[in-house]
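# mind folding the following:
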Amino acid sequence: MITIGFLDVIFKRNSELGFMFDVELLQDTAKRLHMKRLAVDTCASFLARTISQSEFRIRQGNDFKKDELYYRLNVRPNKNMTASTFWQTVITKLIYDNECLIIQADDDDLLIADDFQRNAYAVLEDTFSKVKIKEYEFKRSFKQNEVLHLRYSNEKLAPLIDGLFADYGELFGRILTSLKRKNQIRGTVDIESRNSFDQDTQSKLQAFINKMYKAFGENDIAIVPQQQGFKYTETSGGNSGSGQSVDEINKVTNGFLDQVAMAIGIPVSLLHGDMADVEKQTKNYMMYTVSPLLKKISDEGNSKFFTKEEYLKGKKLEIKSISFQSLFELANSIDKLISSGAFTGNEIRREAGYEQSDDPNLDKHFITKNYTEMQTTEGGETKE
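Modelled structure (predicted):
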């Protein structure tokens, strides 16, 4: 028959063994979220910086008008933001949240909502309630025609990125764990004692081990006093053959970054700074990624800033994006368009985003490289 006293003897006999299980193993949990954050931030910032360099202009017929709206869109949208910061924030929210809400305050400031609730209707106009900017929440609801509501795509980008990160993050974590194991310094602590340790003694010993480990890890010169019955021994050191693992980490990180860039529409070569075919990649980026996004912003602005009658009379919002074309290439293209007689000088200026000139010669058609004015004879023939 086994008595309770017998169990007490067993527990006391193995109290030192129990203490060893209680000692914390000093390890650092691998945090991989920075890889996801870095990839999304890099792509979102790349696109946002491009958009923020655009000029928002108010066209009135053939002329451009600089008024309060022009100032708000290009200089100071609100009291706390410059225009470049404002539009960079808008694009970043579009990438992360798939939509962005801009409201106009009573003092005409343009404010970006941090959070809101959209009330969608089939026939009636949508409304936006619980609009929150920083710590302030508006008590009123906003109608669709009172706000700028931008949507990036039909589907949210976040689930796609989360799905990619689930695979890449797991792979990244395994490679990182393997690399850390190769370079890990392992040690053991021998304790000579026949007496059991109470909770207070265990805590003091654990604190001493932590201090000793910290001294070895952070100080160039570490001196630790020797304790009787206490011996620290390193059983292994770093592994010098870990270069391959470092390369594998970079490949996984770049692979995830490339996938996010492709989802947003940014050429991978531009993101990495490759110079091969940079002109072609830039044109594709501006045509298929930047221009459609600017078109969404201009369409939303035209429908909210102007009435239908104003727009049909020629008043509209135009966005001139940053030009990557050199002056030589631009001059060569203009030369061919004008010398062919297909366009006048003012037509080219309007298409390029410049104001129309008062020079009457820019309203005439010319042909041949000598820019001779086209004239029509009575017979209908064209002569130079």
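# wait, doesn't residue 129 sit right on residue 115?
No - counting by C-beta atoms under 8 Å, no contact exists between residue 129 and residue 115, whose distance comes to 11.0 Å. Placement of C-beta: from N, CA and C, glycine included.
# who's in contact with stretch 263-271?
Taking contacts as C-beta atoms under 8 Å, 6 or more residues apart in numbering, the residues outside stretch 263-271 that touch it are 42-44, 46-47, 95, 157, 160-161, 257-258, 261-262, 276-278, 281-282, 284-285, 288-289.
# all helices for the protein, in order.
According to DSSP state H, the chain carries its helices in the segments 4-13, 15-22, 33-52, 68-74, 83-97, 157-182, 199-218, 243-264, 268-272, 278-285, 291-305, 308-312, 327-339, 345-352.
# among the contacts of stretch 263-271, name the buried ones.
With neighbours counted using 16 or more other C-beta atoms under 10 Å, the contacts of stretch 263-271 contain these buried positions: 43-44, 46-47, 95, 157, 161, 257-258, 261, 281-282, 285, 289.
# as TSV, these with pLDDT and distance to residue 84 would be great.
As requested, the buried ones among the contacts of stretch 263-271 are arranged in TSV below (pLDDT from 0 to 100; distance: C-beta to C-beta, whole Å):
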residue	pLDDT	distance to residue 84
43	86	18
44	86	15
46	90	15
47	90	14
95	86	17
157	69	23
161	70	26
257	82	24
258	84	27
261	87	22
281	87	24
282	86	20
285	91	19
289	91	19
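# what's the farthest-apart pair in the residues you listed?
The widest separation within the buried ones among the contacts of stretch 263-271, taken as C-beta to C-beta, falls between 161 and 282 and amounts to 24.7 Å.
# quick one: neighbours of residue 214, just the number.
Other residues near residue 214 come to 12 when the count uses other C-beta atoms under 10 Å.
# start at 11, not 1
I'll keep to 11 as the first residue from here, and by that count the last item is residue 224.
# quick one: low-confidence parts of the stretch 111-260 of the chain?
Where the stretch 111-260 of the chain drops to pLDDT under 70, the residues are 164-168, 170, 172-207, 230, 232, 234, 236-240, 242, 244-256, 259.
# quick check: end-to-end length of stretch 127-145?
Its first and final residues considered, stretch 127-145 spans 16 Å by C-alpha to C-alpha, to the nearest Å.
# in it, what counts as buried?
With the criterion 16+ other C-beta under 10 Å, stretch 127-145 contains buried residues 137-138, 141, 143.
# ok, and what's touching that stretch?
Judged by C-beta under 8 Å, 6+ apart, the contacts made with stretch 127-145 from elsewhere in the structure are 111, 113, 121-126, 147-148, 151-155, 157, 159.
# out of the buried ones among the contacts of stretch 273-281, who's nearest residue 84?
The shortest approach to residue 84 among those belongs to residue 57, at 19.1 Å (C-beta to C-beta).
# how many neighbours does the spatially closest residue to that closest one that is not a sequence neighbour have?
Closest residue to residue 57 in three dimensions, ignoring its sequence neighbours and counting by C-beta to C-beta, 6 or more residues apart in numbering: residue 101, at 5.8 Å. Close neighbours of residue 101, defined as other C-beta under 10 Å, add up to 23.
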